[in-house]
Every structure is written in structure tokens, then in C-alpha cells.
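Trainee: sequence and predicted structure, then a few things I'm wondering about:
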Amino acid sequence: MTSLLSEDMGGEVDLARKQKTVLTSLVVDFVLWIPDIVAAVLSGSIVMFADVVKCGNEICATFFSYLTIRKMAKGDIGTYDYGMGKLETITSILTGGLMFVSLLLVFGVAIYRIKFPESIVHEGAYLGIIMMIIGVCTNTWLWRKNYRINKMDPSPIMDSQWRLFRAKAFSDFAVLSSLVLSIALYQYVWSYYIDPFASFIIAGFLLFSGLHVIQSSLPDLLDKTLDEELQIIIVRYLAEFFNDYTALHGVRSRRSGSTVYIEIFLEFDREKKMGEVQDILNHIKNSIESQIHHSSVIVVPSTEPE
């Protein structure tokens, strides 16, 4: 009972830390977004405008992530065990989807400015440079912080969050470089194209991050949770206990938040006593859980294929 209580308390602490981290990310994003809008209007920079639109979508994604973690932290005995974990995965996919919306907007405005090139307004660009320096530093800090939390306690939301802020850090650096070069080389007509071409770099970061977030979340949503390495661990222990059961009727898995749930269906000799069968079930369960972190294994006696 003590171990179960400590696990529950540990889970609550992890969720509370994630909730605080995502809330911090949301507040920082919103605070930096306002002066970004002012700088984009004053500078007339397409790449700044693209960055503002991109940040707006990302604030929405972070807000949805915060609402999900907050609901998970509260807990609800009346809901299904896997339901909240699925909500977390769906939120992660939503984050990736919003990245693609931003990608389309950035791509569209970049094409427009290539057709109709204009010089940026230097006064507004100076404010943009200051904001981008702050943005690079802040987003890099949030990227590293979310990455460390995800390493300690992996979950779809934290994985999407650190990748989101990595993309934001690199895209802010691209915007910063674009503004500096546009001002430094303003006497050349071809410098008008620096601004829209920098937007394509932002689009590239969004495409890469969005694809990874969606590709990593879809298998969990479809209950295709176990990668090859984890499958090998299960097969190894099933082979180790091969003489203790008569047939294997299937293995199923699913992810809920950071926990992987594994169900193994085994058939046993009908002459075995239930006490002997239970000892085998416990041994297989404990062996697999000790090798697969954040896993919950259930070994089910079965006489029919599932």
C-alpha cells in the first residue's frame, strides 16, 4: 500500500511540475507576442508578420496543452483510465496540426513578398531585433527545460512542447539574421528578397517539427505503442518462461500519458493449481516491468485467442 501511495504522489508531483512548466511557457509566449506584433506593424517585415502568425498558433497549442495537463492533474475517478492519456495524445497531434497551419500562412506571405518586394522600415526593425534576441534566449531556455522534464518523465505533451520551443528558437534566430542583414544591406535592391526568403527557413522548421510530432503521436492514438526494442524484451521473457505456459494468445499495448499498458494473454495447463499460475503471472509481470520503465503489465490467463 505504501508503494502504491508513493507512486501516486510521484505522479501528482510530475503532473504539477509539467503543469507549471507549460503555464510558464504560455505566459512567456503571450508576453513576448504583444511587442512582436508592434514590431511587425512598424517594420512592415513579412518575416516578422509570419513570425507573429506562427506565434499566435503556437500560443493556442500551448494553451490546449495546459488545459489538458491541468485536467489530468485534477484527476477524475469517474472517467476511464485510458481516456485522459488519449486526450494528451490528441492535444499533441493538435500541436502538430497548428504547426502546419502556420506553415501554410508563412509560405503564402513569403510568396506574396517575392512577387511584390519592398524594403522594411528600419525603426520598426530595430524593435524587432531586440525582441528576437530576447526570443532566442527565452525559447532556448524553455526548449532545454522541457527537454529535461520529458527525459525524466516522457509524455506526448512534453515531447511536443520541447520540439515546439526548439523550432521557435531556431525560427527567431532566422528572423533576427534576416532583420540584421536587411538593415545592413538595405542599399542593394536584391536585399529586399532577404526578408521573404528567411520566411522559407521558418517554414522548414515548422514542417520538420510538425511532421515529427504527428508521426510520434499517431501510433499511441492507434494503440501501436511498443517499438521493436520493447517487443524484444517481452519476447525474451516469454521465451524464458516458455515451459510454464502452454500457449500465447496475444499481446496488446496502449499508452496513457507517460505510462505504457501491456496485456499478455497466456494459456496454462488445466492441471496446474491457481496458486502456481499466479506465481508465474507475478514473475512475468515483475520481470517485464523492471525492464520497461513507466509500464504497467497485466498477464491474463486465457483459453481462447483474443
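Mentor: Looks like it arrived, so ask away. Numbering: from 1, shown residues only.
Trainee: what sits against I201?
Mentor: Going by CB atoms under 8 Å, 6 or more residues apart in numbering, I201 touches S171, A174. Just so you know, the C-beta spots here come from the backbone N, C-alpha and C atoms, and that holds for glycine as well.
Trainee: would you mind giving the domain segments of the protein?
Mentor: 2-221, 228-301 (automatic domain parsing).
Trainee: check the offset of the helix or strand R236 falls within from the chain's centre.
Mentor: Secondary-structure assignment from DSSP states H and E places R236 in helix 228-240. Offset of helix 228-240 from its chain centre (CA atoms, centre = their mean, to the nearest Å): 27 Å.
Trainee: can you list the buried residues in it?
Mentor: Of all the residues in helix 228-240, those buried under the rule 16 or more other CB atoms under 10 Å are L230, I233, I234, Y237, L238.
Trainee: which stretches of the chain have low pLDDT?
Mentor: For the chain, applying pLDDT under 70 flags the ranges 1-15, 68, 71-92, 156-157, 209, 212-230, 255-258, 304-306.
Trainee: rerun that using 90 as the cut-off
Mentor: Residues of the chain that meet the criterion pLDDT under 90 lie in 1-128, 131-132, 135, 138-139, 141-179, 181-306.
Trainee: picking that back up, who are the packing partners of the helix holding R236?
Mentor: For helix 228-240, the contact count by 3 or more CB pairs under 8 Å, 6 or more residues apart in numbering; DSSP states H and E identifies strand 259-267, helix 274-291 as packing neighbours.
Trainee: which one of the ones you listed is the most hemmed in?
Mentor: With neighbours taken as mean count of other CB atoms under 10 Å, those reach their highest mean count in strand 259-267, at a mean of 19.
Trainee: just the angle for the helix holding R236 relative to helix 274-291, thanks.
Mentor: Per axes from the mean of the first three to the mean of the last three CA atoms, to 10 degrees, the angle that helix 228-240 makes with helix 274-291 is 150 degrees.
Trainee: from the contact counts, what lies against whatever helix or strand comes next after helix 228-240?
Mentor: Scanning forward in sequence from helix 228-240 by DSSP H and E, the next helix or strand is strand 247-256. Counting by 3+ CB pairs under 8 Å, 6+ apart, the packing neighbours recorded for strand 247-256 are helix 83-115, strand 259-267.
Trainee: before we move on, the earlier item: quick one: contacts of the helix holding R236?
Mentor: With CB under 8 Å, 6+ apart, helix 228-240 has contacts from L226, L248, V251, V260, I262, I264, I284, S287, I288, Q291, I292.
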